[in-house]
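heads up, no residue letters with this:
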């Protein structure tokens, strides 16, 4: 305790002493002696604690409040999970676990609540927005992130090829969808922010052409989706699925409302279960456009906008926790727009931080590297029913995804180098079609190959999924986008 207290107090006390000496010297006696005393005092006043000591003192001071708040709850949870008896626990290990967990929660509390609340209320601590915001150009590294995300999803769905066993599946690969959500929010926000900047420069008033935005999104989403629904629907009907059910699922997919059907008590066919995320993304697109348009006059203070977005993500986190504790079905809760909007909010916040240079590129790369490690850990150890995800974990994952995207957008550093790898960029280019096609093909492979070894089913399913995605990408996505670009020119 004394060591920690000294680490907090001593550097601050020394700095304060130096400042006090400086003030005394300024009002010291005149004459040569006074001048000499003042010179010595000013020389002493230039002393500051070493940077590492100042950072350690600041971190300890800021963390102390959070640790004080969290340590009792962490202790009780740890005792409950490990069935420890009070006053009979192994002291060093339990103390270390409580300190580490409480400190981690204190850090999250500071960055997600204390810091943004201070910025939102007082305009302090959020960084200084750059006078000239930067625009997002072509970023091949972001295609690489898409590739990583879709490969994670393919890995987690190996469970369907292995009779429901996750022995060889990537257990947390479903979190690739969270990376998709954060990446989409970052990219769409960057596009909308660029449009706001361009219209402000051209007309003096920032604006968004909502009709053109909707057309662009429709051209991107509908053509591959229509092809997929036509082929999948034909095969499903031939295999025995009712035509009425197939039509109902197509309507839900085309109106981008499929993510709510579990909340209504309906269960989609397994081949179409992934369409919930497309519906969620489309709804978030609309919310982003409306939100950024309403906030267009506040974007000069991007630090405050980021703070409010962060607090909004915390509110979504608390709302999801409330629904979880009320016993809402986990699958329905996982897909609801109101319980997943934190991915959008934090993705937009990351786009604003990058655009307005609220943090240095070096800081974004550093934070993004740490966030990538958290995501890798979660990919291997999380499961869809893991309680901690619904108790705040999804917000942490969303923040990590946003940080990784921002780090990749700097075009330098480890994250950008990894995501810029050519095979990942190639997978990212076909990620939309691959996401649509892979699960039905997995299930059709199981029907066709039955009790074949897992490796052979995986080889056939993944190869056919890649082939279908490439065909869809070449015949539909590329042609539609090329025709749209020619039309705009």
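Sure thing, it's come through. All values reported here derive from a predicted model rather than from experimental measurement.

Can you list the low-confidence ranges for the protein?
1-49, 54, 481-489 (pLDDT under 70).

tell me the contacts of the nearest residue to residue 166 once chain neighbours are set aside?
Nearest residue to residue 166, sequence neighbours excluded (C-beta to C-beta, 6 or more residues apart in numbering): residue 159, at 5.0 Å. Yep, even glycine has a C-beta here, placed from its N, CA and C like the rest. Residue 159 makes contacts with 165-166, 169, as judged by C-beta atoms under 8 Å, 6 or more residues apart in numbering.

how about the nearest residue to residue 297 once chain neighbours are set aside, secondary structure?
Nearest residue to residue 297, sequence neighbours excluded (C-beta to C-beta, 6+ apart): residue 206, at 7.4 Å. Using DSSP: H, G, I helix; E, B strand; the rest coil, the structure places residue 206 in coil.

isn't residue 206 right next to residue 200, touching?
Yes - contact criterion C-beta atoms under 8 Å: residue 206 and residue 200 qualify, at 4.1 Å.

Neighbour count for these two, which is higher?
Shown here are residue 206 and residue 200; by other C-beta atoms under 10 Å, residue 206 has more neighbours (20 against 14).

Now do the phi/psi pair for the more buried one.
Listed backbone geometry of residue 206 is phi -70, psi 140, with angles given as degrees, to the nearest 10.

wait, what's in contact with it?
Residue 206 touches 196-197, 199-200, 296-297, 299, counting by C-beta under 8 Å, 6+ apart.

Which of the helices or strands spans residue 394?
Assigned by DSSP states H and E, residue 394 belongs to helix 394-409.

That helix - contacts with which helices or strands?
For helix 394-409, the packing partners by 3 or more C-beta pairs under 8 Å, 6 or more residues apart in numbering; DSSP states H and E come out as helix 140-156, helix 176-203, helix 302-325, helix 337-356, helix 361-381, helix 413-419.

which stretch among these comes nearest residue 55?
helix 361-381 (13.4 Å; C-beta to C-beta).

sorry, back to before: weed out the non-buried ones from the contacts of residue 206.
The neighbour count (16 or more other C-beta atoms under 10 Å) marks 196-197, 199, 296, 299 as buried among these.

ok, those residues vs residue 91, which is closest?
Nearest to residue 91, judged by C-beta to C-beta, of the buried ones among the contacts of residue 206 is residue 299 at 52.5 Å.

show me what contacts the closest residue to the closest one other than its chain neighbours?
Using C-beta to C-beta, 6+ apart and skipping the chain neighbours, the partner closest in space to residue 299 is residue 305 (6.4 Å). Going by C-beta under 8 Å, 6+ apart, residue 305 touches 295, 298-299, 349, 352.

how far off helix 337-356 does the helix holding residue 394 point, in degrees?
Computed by axes from the mean of the first three to the mean of the last three C-alpha atoms, to 10 degrees, the angle separating helix 394-409 from helix 337-356 equals 30 degrees.

Going forward, the N-terminal residue is numbered 822.
Okay, residue one is now 822; in that scheme the one you just asked about reads as helix 1215-1230.

Please report how far residue 1264 lies from residue 961.
33 Å (C-beta to C-beta, to the nearest Å).

Residue 1020 too?
In terms of C-beta to C-beta, residue 1020 sits 28 Å off from residue 961.

What of residue 1291?
18 Å.

now swap in residue 1147 and tell me
44 Å.

Which one's more surrounded, those two?
Set side by side, residue 1147 and residue 961 show more neighbours around residue 961, with 17 against 8, by other C-beta under 10 Å.

Just give the closest residue to the more buried one, not the sequence neighbours.
Using C-beta to C-beta, 6+ apart, the closest residue to residue 961 is residue 1246 (5.3 Å).

what sits against that neighbour?
Taking C-beta under 8 Å, 6+ apart, one finds 961-962, 964-965, 968, 1240 in contact with residue 1246.

Mind telling me what element it is part of?
Going by DSSP H and E, residue 1246 is part of helix 1243-1250.

circling back to that earlier point, buried subset of the contacts of residue 980 as a ChimeraX selection?
This is the ChimeraX syntax for the buried subset of these, where burial follows 16+ other C-beta under 10 Å:
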select :990
